[in-house]
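Novice: fold the following, please.
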Amino acid sequence: MKRLSLFCLLLVTSIVVQAQIRLPKLISDGMVLQRDTKLKVWGWAKPGEKVTVNFKSKNYKAVTDASGKWQVELSPMPAGGPFTMNIAGSSKIMLKDILIGDVWFCSGQSNMVHQLNIHDVTYAKEIEQANFPQIRQFWVPTLTNLQGPQSDIPNGQWKSAVGEDVRPFSAVAYFFAKKIHQKYNVPVGIINASVGGTPIEAWTSEEVFAEFPAEKAIIEKNKDTTYVNRQNRRPPPAGPRPAPPVDLGMAGAAKWFDVGYTPKGWRNINVPGYWEDQGIKDLNGVVWYRREIEIPASMTGKPAKVFLGRIVDADELYINGKQIGRTTYMYPQRRYPVPADVLKAGKNVFVVRVTNNGGKGGFVPDKPYCVFAGADTVDLKGTWQYKVGTAYRPFAGGGFGGGINAQNQPTALYNAMVAPEIDYAIKGFCWYQGETNAGKPQEYNKLLPALISDWRNKWKQGPLPFLYIQLPGFMDYNYQPSESGWAVLREAQLNALSVPNTAMVVAIDLGEWNDIHPDNKKDAGERLALAALKMAYNENIVYSGPLYKSATVEGNKIVISFTNTGGGLITNDGEDPGDFAIAGSDKKFVWAKAKIEGNTVVVSSDEVPAPQYVRYAWADNPVNPNLYNKEGLPASPFRTDK
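Specialist: Numbering: from 1, shown residues only. The predicted structure is shown next:
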């Protein structure tokens with residue numbers, strides 16, 4: 001009898017749960033709805049149930065279909081709020097604090113992910129002063145699905161840009177939204193669906209890949225869960241990876257970070273710098289760094305911070321034997337808080353255990369290295385001592401097996417992170433991606449226009465504005481004309497401007513040679529907002545830097561014309577234009593002399609008496625891309641030798 005009663009209770013509970021109205025996570029308290037357009041509100045309940053949505057004194061009615069989904073369409077409304085929405089059927093839901101304004105779907109990889117919190121030194125004042133309750137972000141959690149488009153996400157909520165809640169905001173999207181909000185005094189909503197290190201293929205729906213047979217084949221294979229599971233269980237091609245040798249720094253009775261450890265056999269090395277550049281050849285493994293740092297009494301008894309720039313790949317910091325912080329991969333800047341009781345007046349032992357798995361290991365140059373507390377700072381750059389804890393043996397397999405990295409698979413992120421939002425009305429798209437595709441840049445010429453068309457088709461709101469950021473400068477400077485995968489990727493981004501109602505932000509001047517995640521997110525976001533003012537709000541403004549239009553050979557010179565010259569061409573340093581190279585029919589490029597003449601640039605070289613081709617800022621990280629318009633916006637890199 002008890003079992004029967006329990007079964008009946010569970011059955012009733014299940015029926016009640018199924019009968020209750022359920023909303024997608026995006027439709028929730030604090031949401032921002034798109035103004036001046038028809039709006040879909042949808043959800044789920046039991047099949048055949050009648051549902052009423054009451055919003056701004058109007059009732060909208062629906063009946064759930066056989067699958068249990070219901071949907072109503074709200075009339076266009078002007079900006080305003082806050083409002084309340086009541087949804088009623090067999091159960092009732094009240095949504096509060098709803099705003100109507102402009103909603104932007106922001107997506108891409110890590111430079112769109114990077115939160116204000118990661119850049120809280122550069123933007124400390126922005127964070128401290130953030131008080132914009134009408135700027136809101138919905139952060140879509142990182143999700144993948146190889147089977148097909150999903151209808152919802154498991155969690156998520158709208159957050160306002162107020163106080164500490166602003167820290168998780170995408171920095172680029174925040175500065176973009178702030179500019180628009182302050183210009184028009186309307187609520188701005190950001191739906192942020194971004195994942196670091198991901199290719200554009202992962203963000204694109206299956207329908208697009210009908211014209212990409214290789215990717216289409218991958219998609220079909222990935223739908224077979226047996227195949228995916230088998231791939232993920234497959235051992236490396238050369239057998240199991242050998243276990244790493246014991247790290248001597250952790251093996252003894254006194255660990256190398258212990259205050260009682262007496263160092264023997266340590267050698268000098270400079271910080272910052274890579275150990276391969278300082279006498280350690282081709283070492284992958286663990287290298288320990290040690291230094292006694294003199295701390296003044298004024299820095300003790302209070303919380304401090306240590307800045308260790310960036311480290312390749314992973315690190316653990318110890319001060320006076322206590323672990324202060326650790327990071328497991330190379331990209332984040334190392335900014336570790338130090339408790340008030342750690343530092344002492346006089347000598348303090350700083351130890352950093354660095355692990356590197358490939359390439360050059362060590363401390364990235366041209367980054368901040370210091371410890372500070374209150375108004376006092378102690379520099380950490382200079383001579384340290386090092387000792388190798390372990391050297392990894394070379395492994396012929398070169399990998400960790402044949403497993404499938406789901407977030408890099410075609411459609412995987414679209415299915416899980418984009419598809420659930422396509423019924424939610426928006427103003428337009430913001431896109432910052434391309435680093436992961438720089439290894440095969442030519443393909444991007446088709447992939448980016450395909451993504452733009454795909455998303456517009458899915459949202460069914462016409463040719464929505466699509467705004468995107470061109471890759472900034474990154475990696476070593478090359479002082480000779482050379483080939484560049486990043487330059488070809490930028491060219492593909494430039495070519496995508498042929499798609500109507502698109503705009504590109506040139507960011508060649510916002511990069512950092514030693515950081516794929518440049519700190520300057522404000523200029524990137526505000527330039528993106530400029531593009532929005534033109535494309536989405538029809539402002540009569542100069543929104544872009546000069547873009548290549550044409551080149552004419554005139555004797556021993558090439559005359560280059562541009563669009564988007566604004567108030568006229570200038571250089572941002574007052575010098576002649578730099579980073580122009582020309583070539584004859586042999587396509588052997590040499591640096592050119594360049595001069596601004598009106599709204600053209602004239603280039604020539606004594607080495608090339610019969611020039612045919614010209615390039616500008618054609619490098620991973622050009623040395624001096626100083627051509628701008630008078631509005632302060634940089635020219636896009638380009639070439640004529642396609």
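
Novice: the closest residue to Asp165 other than its chain neighbours: how many residues sit nearby?
Specialist: Distance criterion Cβ to Cβ, 6 or more residues apart in numbering; nearest residue to Asp165, sequence neighbours excluded, is Lys159 at 4.9 Å. In this view, the C-beta of every residue, glycine as well, is placed from N, C-alpha and C. If you count neighbours by other Cβ atoms under 10 Å, Lys159 ends up with 18.

Novice: check contacts around Lys159.
Specialist: Residues in contact with Lys159 (Cβ atoms under 8 Å, 6 or more residues apart in numbering) are 30, 136-139, 165, 168-169.

Novice: and of those, the nearest to Thr436?
Specialist: The nearest member of those to Thr436, counting by Cβ to Cβ, is Trp139 at 20.6 Å.

Novice: ok, that closest one - contacts?
Specialist: Trp139 makes contact with 156, 159, 168, 192 under the criterion Cβ under 8 Å, 6+ apart.

Novice: please tell me the pLDDT value assigned to it.
Specialist: For Trp139, the pLDDT comes out at 98.

Novice: kindly report the same for Gln231.
Specialist: pLDDT for Gln231: 87.

Novice: now for Trp455: which residues touch it?
Specialist: Contact analysis of Trp455 by Cβ under 8 Å, 6+ apart lists 105, 418, 429, 464, 466.

Novice: next secondary structure after the host helix or strand of it?
Specialist: Per DSSP states H and E, Trp455 falls inside helix 444-459. Scanning forward in sequence from helix 444-459 by DSSP H and E, the next helix or strand is strand 466-469.

Novice: by how many degrees do the helix or strand following that following strand and helix 444-459 diverge?
Specialist: Downstream of strand 466-469, the first helix or strand assigned by DSSP H and E is helix 485-495. Helix 485-495 and helix 444-459 are oriented at 50 degrees to each other (axes from the mean of the first three to the mean of the last three Cα atoms, to 10 degrees).

Novice: can I get the CA coordinates of helix 485-495 in CSV?
Specialist: Listed next in CSV are the C-alpha coordinates belonging to helix 485-495 (Å, rounded to 0.1, in the frame of the first residue of the first chain):
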residue,chain,number,x,y,z
GLY,A,485,48.3,34.6,-42.1
TRP,A,486,46.9,37.3,-39.8
ALA,A,487,47.0,39.8,-42.6
VAL,A,488,45.2,37.4,-45.0
LEU,A,489,42.5,36.9,-42.3
ARG,A,490,42.1,40.7,-41.9
GLU,A,491,41.7,40.9,-45.7
ALA,A,492,38.9,38.3,-45.5
GLN,A,493,37.3,40.5,-42.8
LEU,A,494,37.7,43.6,-45.1
ASN,A,495,36.2,41.7,-48.0
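
Novice: got the contacts of Lys159 as a markdown table, with distance to Gln115 and secondary structure columns?
Specialist: Compiled in a markdown table, these are given as follows (distance: Cβ to Cβ, whole Å; DSSP: H, G, I helix; E, B strand; the rest coil):
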| residue | distance to Gln115 | secondary structure |
| --- | --- | --- |
| Gly30 | 19 | coil |
| Arg136 | 15 | strand |
| Gln137 | 10 | strand |
| Phe138 | 14 | strand |
| Trp139 | 9 | strand |
| Asp165 | 11 | helix |
| Pro168 | 5 | coil |
| Phe169 | 6 | coil |
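
Novice: what about the residue nearest to Asp165, is that helix, strand or coil?
Specialist: strand (DSSP: H, G, I helix; E, B strand; the rest coil).

Novice: which strands and helices sit next to the strand or helix carrying Val72?
Specialist: Using DSSP H and E, Val72 maps to strand 69-74. Applying 3 or more Cβ pairs under 8 Å, 6 or more residues apart in numbering; DSSP states H and E, one finds that strand 69-74 contacts strand 39-44, strand 50-55, strand 58-63.

Novice: to Tyr444, which of these lies closest?
Specialist: Among the helices and strands packed on strand 69-74, the nearest to Tyr444 by Cβ to Cβ is strand 39-44 (32.3 Å).

Novice: any idea of the angle the closest one forms with strand 50-55?
Specialist: Going by the same axes, to 10 degrees, strand 39-44 makes 140 degrees with strand 50-55.

Novice: which helices and strands does strand 39-44 pack with?
Specialist: With contacts taken as 3+ Cβ pairs under 8 Å, 6+ apart, strand 39-44 sits against strand 50-55, strand 69-74, strand 80-88.

Novice: try 10 Å
Specialist: Applying 3 or more Cβ pairs under 10 Å, 6 or more residues apart in numbering; DSSP states H and E, one finds that strand 39-44 makes contact with strand 50-55, strand 58-63, strand 69-74, strand 80-88, strand 92-108.

Novice: got JSON lines for those strands, with mean neighbour count too?
Specialist: As requested, the helices and strands packed on strand 39-44 are exported to JSON lines (neighbours: other Cβ atoms under 10 Å):
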{"stretch": "strand 50-55", "mean neighbour count": "18"}
{"stretch": "strand 58-63", "mean neighbour count": "13"}
{"stretch": "strand 69-74", "mean neighbour count": "17"}
{"stretch": "strand 80-88", "mean neighbour count": "16"}
{"stretch": "strand 92-108", "mean neighbour count": "22"}
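
Novice: ranges for the helices of the protein?
Specialist: Per DSSP state H, the chain carries helices over the ranges 2-19, 110-113, 124-128, 171-184, 213-222, 225-233, 248-251, 412-413, 444-459, 485-495, 522-535.

Novice: which one of those helices lies nearest to Val601?
Specialist: Of all the helices of the chain, helix 485-495 comes closest under Cβ to Cβ, at 16.8 Å.

Novice: so which bits of the closest one are buried?
Specialist: In terms of neighbour count (16 or more other Cβ atoms under 10 Å), helix 485-495 has its buried residues at 486-495.

Novice: tell me what that helix is packed against?
Specialist: Applying 3+ Cβ pairs under 10 Å, 6+ apart, we find helix 485-495 packed against helix 444-459, strand 502-505, strand 547-554, strand 638-639.
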